[in-house]
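Asks: Sequence first, then the predicted structure:
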Amino acid sequence: MLDWIRARRSIRKYTGEPVTDEEIQALLEAAMAAPSASNRQSWEFVVVRDAALRQQLAETHSWSQMAADASVVFVVLGDERTSDHWVEDTSAATENLLLAATALGLGGVWIGIYPRQEREAHVRAALSIPEGKRVLCLVPVGRPAEQKPPRTQFDAAKVHWERYGGRG
Ligand SMILES: Cc1cc2nc3c(=O)[nH]c(=O)nc-3n(C[C@H](O)[C@H](O)[C@H](O)COP(=O)(O)O)c2cc1C
């Protein structure tokens, strides 16, 4: 598991080879294994394979263009009426999905939508997402056409021992 955590990198180039239904199912199961506040599981997912819809998602903002080239885009939604913690719940689910993609030899990237209202409005209109369902992010997934080295970004200066500013 620690190896997968280090190996997960943002993959933005894809070969175009399809992601299978079984892989999509495995990614969704991993996402929904995440912790959530009071176990309310305030997440939902729109699975977008259609090329025209992916193109629309790619046009959400200037850093979302890889949605057009991915095999599938997971649109991660939170239900603000179910939980005040929908942002945390859906973030945990998104990280699980990205880690599972890494473990399956797939590549993906977190494309931020929340908290930018204009981005959310664009995705909401493209996919007919109802009021009350919030859009955390897009996660394009495909077979990697770029490789990045595993790494941590451990920084001892960001760690405080016993109290803020304390040294280990
Ligand atoms: C909240 C959030 C929003 C992000 N939004 C974007 C985005 O819109 N487009 C993009 O290409 N990458 C996006 N990323 C990916 C980051 O750029 C990436 O995680 C960071 O540069 C570290 O690289 P790594 O994922 O390879 O470790 C986002 C990541 C997070 C957590």
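Replies: Cool, got the structure.
Asks: Tell me the gap between whichever helix in the chain runs longest and the middle of its chain.
Replies: Determined from DSSP state H, the single longest helix within the chain is helix 86-103. Relative to the centre of its chain, helix 86-103 is centred 6 Å away, using Cα atoms, centre = their mean, to the nearest Å.
Asks: and the next element down the chain from it?
Replies: Going down the chain from helix 86-103, the next helix or strand is strand 107-108, by DSSP states H and E.
Asks: returning to that earlier point: for the longest helix of the chain, give me every contacting residue.
Replies: Here helix 86-103 makes contact (Cβ atoms under 8 Å, 6 or more residues apart in numbering) with 4-5, 7-9, 26-28, 30-37, 40-43, 74, 76-80, 83, 107-110, 114, 134, 136-137, 139, 141. C-beta: built from backbone N, CA, C; applies to glycine.
Asks: is any part of it close to the ligand?
Replies: No: using Cβ under 6 Å from any ligand atom, helix 86-103 never reaches the ligand; the gap is at least 7.8 Å.
Asks: avg pLDDT for that helix?
Replies: Average pLDDT, helix 86-103: 98.
Asks: just stretch 34-45 next, same as before
Replies: Stretch 34-45 comes out at a mean pLDDT of 98.
Asks: what sits against the residue of the chain found nearest the ligand?
Replies: Using Cβ to the nearest ligand atom, the single residue of the chain nearest to the ligand is residue 112, 3.0 Å away. Residues near residue 112 by Cβ under 8 Å, 6+ apart: 63, 119, 137.
Asks: and if we set it to 7 Å?
Replies: When contacts are counted by Cβ atoms under 7 Å, 6 or more residues apart in numbering, residue 112 touches residue 137.
Asks: Setting aside sequence neighbours, what's the nearest residue to residue 152?
Replies: Once flanking residues are discounted, residue 152 sits nearest to residue 6: 5.8 Å by Cβ to Cβ, 6 or more residues apart in numbering.
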